[in-house]
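Asks: only geometry, no sequence info:
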């Protein structure tokens, strides 16, 4: 049983709100970074612990990012620092939680999945990411360090766009938009893999094609589990009247919802294409087998009368008139040759060859 399954077993039967890490066991130190910004400037820091994290500022936005959710004691301290609901902390450390949107005591809780493409292993890497929006403060939680938010950080530092002039709700939108953009990157990588497989079919079925198709099918399952619940979550953000979401930000969230639908449609197209590739492979193998069997059948059919003639003259009877004939052997070979040629001509006219 995988270690993550043991963790899920340990969480079974506990009361709601129990903070138990469910997922891959990790031992790396948890890192905390903080960015406080407004229209005038940016202040970045690395708090040593939750108590040193900056609270919500009277003006501007505070973004606190936590790399690592395996340290449940630290997550509980952060929860007490920002007065998070116990169910929020439970879902933060449960890396198997599906994407969703929830509201708890004036806090907007968002669960998503961050997808990246591992080119070396040709696989999708899925990471659990959670956001908690608290007025002018946004908390983000990731499994490990390293993410797809560097462009957002650079926009904050440079002051490009409207991100520095907007609130924490717009920052939440920007981070979600970065996640969805990387879904397209992963889809393009999988699409390239599928196109390579389809191109290979034109040259003939390769022995490792089923293995590669099965591998890509597993990656599509991982992708589908991450993006399908995102549709419901993004739809809830655009439909429900969230007090923490400004009216100006809702326009961008509706655009993000459209991008999510586009991701799902593209994924379904690739999924159908992958199934079609498997059908093409099976058809190619079947056609190739039929061609081989046809050739072998024709060869066997030609040799049936030849074998019959050879069997007759192979019998050890004394009173066979052709056995003493001087031209008996070349005559038998000539008859065999004529029969074989006539059968080939007949098969050709029937277009069996």
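Replies: Noted; the coordinates are in hand. What you see is a predicted model; the values in this text were computed from it and never measured.

Asks: Distance-wise, check the closest residue to residue 320 other than its chain neighbours relative to residue 51.
Replies: Distances taken as CB to CB, 6 or more residues apart in numbering place residue 313 nearest to residue 320, at 7.5 Å, with adjacent residues excluded. Quick note: C-beta positions are derived from backbone N, CA and C, even for glycine. Distance, residue 313 to residue 51, by CB to CB, to the nearest Å: 105 Å.

Asks: Between those two, which is the more surrounded one?
Replies: For residue 313 versus residue 51, neighbours defined as other CB atoms under 10 Å are more numerous around residue 313 (13 against 10).

Asks: residues in contact with that one?
Replies: When contacts are counted by CB atoms under 8 Å, 6 or more residues apart in numbering, residue 313 touches 320, 322-323, 328, 332.

Asks: Quick one: residues in contact with stretch 94-103.
Replies: Contacts for stretch 94-103 (CB under 8 Å, 6+ apart): 4, 8, 11, 20-24, 69, 87-88, 91, 108-113, 128, 143, 225-226, 229-230, 232-233, 236-237, 240, 242.

Asks: now the residue nearest to residue 320: how far from residue 223?
Replies: 70 Å.

Asks: now do residue 295
Replies: 43 Å.

Asks: Those two - which one has more neighbours?
Replies: Using other CB under 10 Å as the criterion, residue 295 and residue 223 rank with residue 223 on top: 23 against 11.

Asks: Looks to me like the more buried one is in a helix.
Replies: Yes. Residue 223 sits within a helix when classified using DSSP: H, G, I helix; E, B strand; the rest coil.

Asks: Surely it is in contact with residue 189?
Replies: No. The criterion here is CB atoms under 8 Å, and residue 223 misses it with residue 189 at 10.5 Å.

Asks: Setting the sequence-adjacent residues aside, check what's closest to residue 133.
Replies: If the residues on either side of it in the chain are set aside, residue 133 comes closest to residue 108, at 4.0 Å by CB to CB, 6+ apart.

Asks: Could I get the contacting residues of the one you found?
Replies: Applying CB under 8 Å, 6+ apart, the residues near residue 108 are 101-102, 131-133, 172, 242, 244-245.

Asks: Out of the residues you listed, flag the one nearest to residue 299.
Replies: residue 101 (68.1 Å; CB to CB).

Asks: Paired strands for the helix or strand where that closest one lies, with orientation please.
Replies: In the assignment (DSSP states H and E), residue 101 maps to strand 100-104. If you go by DSSP bridges, strand 100-104 pairs up with strand 107-118 (antiparallel).

Asks: Identify each buried residue in the strand it pairs with, please.
Replies: 107-117 (16 or more other CB atoms under 10 Å).

Asks: Redo those as a markdown table? Include distance to residue 288 and pLDDT.
Replies: As requested, these are exported to a markdown table (distance: CB to CB, whole Å; pLDDT from 0 to 100):
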| residue | distance to residue 288 | pLDDT |
| --- | --- | --- |
| 107 | 61 | 90 |
| 108 | 58 | 92 |
| 109 | 55 | 94 |
| 110 | 51 | 94 |
| 111 | 48 | 95 |
| 112 | 46 | 94 |
| 113 | 41 | 94 |
| 114 | 43 | 94 |
| 115 | 37 | 93 |
| 116 | 38 | 92 |
| 117 | 33 | 91 |
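
Asks: With distance to residue 74 as new columns, can these be given to me in TSV?
Replies: Formatted as TSV, these follow (distance: CB to CB, whole Å):
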residue	distance to residue 74
107	19
108	22
109	18
110	20
111	19
112	21
113	22
114	20
115	26
116	25
117	30
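
Asks: Among these, which one sits closest to residue 61?
Replies: Nearest to residue 61 among the buried residues of strand 107-118, counting by CB to CB, is residue 108 at 14.4 Å.

Asks: All the strands of this protein, residue numbers only.
Replies: Taking DSSP state E as the criterion, the chain carries its strands at 31-37, 42-45, 61-67, 100-104, 107-118, 123-134, 137-142.

Asks: Out of the ones you listed, which is closest to residue 287?
Replies: Among the strands of the chain, strand 123-134 sits nearest to residue 287 (CB to CB), with 31.6 Å.

Asks: What backbone torsions are found at the residue nearest to residue 320?
Replies: Residue 313 has phi and psi values of phi -80, psi 0 when expressed as degrees, to the nearest 10.

Asks: mind checking how far it is from residue 303?
Replies: Residue 313 is 15 Å from residue 303, by CB to CB.

Asks: Residue 49 now?
Replies: The spacing between residue 49 and residue 303, counted by CB to CB, is 86 Å.

Asks: Residue 47 too?
Replies: Relative to residue 303, and taking CB to CB, residue 47 is found at 86 Å.

Asks: Could you list the low-pLDDT ranges of the stretch 1-150 of the chain?
Replies: Counting by pLDDT under 70, the stretch 1-150 of the chain has low-confidence residues at 1-13, 56-58.

Asks: Return the set of buried residues in stretch 311-322.
Replies: Buried-residue list, stretch 311-322, by 16+ other CB under 10 Å: empty.

Asks: Could you tell me the end-to-end distance of it?
Replies: Terminal residues of stretch 311-322 lie 14 Å apart, using CA to CA, to the nearest Å.

Asks: Sketch out the helices for the stretch 151-300 of the chain, chain order is fine.
Replies: Secondary structure of the stretch 151-300 of the chain (DSSP state H, counting those that start in this stretch): helices located at 168-202, 209-239, 247-312.

Asks: got CSV for these, with mean pLDDT and distance to residue 341 too?
Replies: Listed next are the helices of the stretch 151-300 of the chain as CSV, based on pLDDT from 0 to 100; distance: least, CB to CB, whole Å:
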stretch, mean pLDDT, distance to residue 341
helix 168-202, 89, 36
helix 209-239, 87, 40
helix 247-312, 87, 10
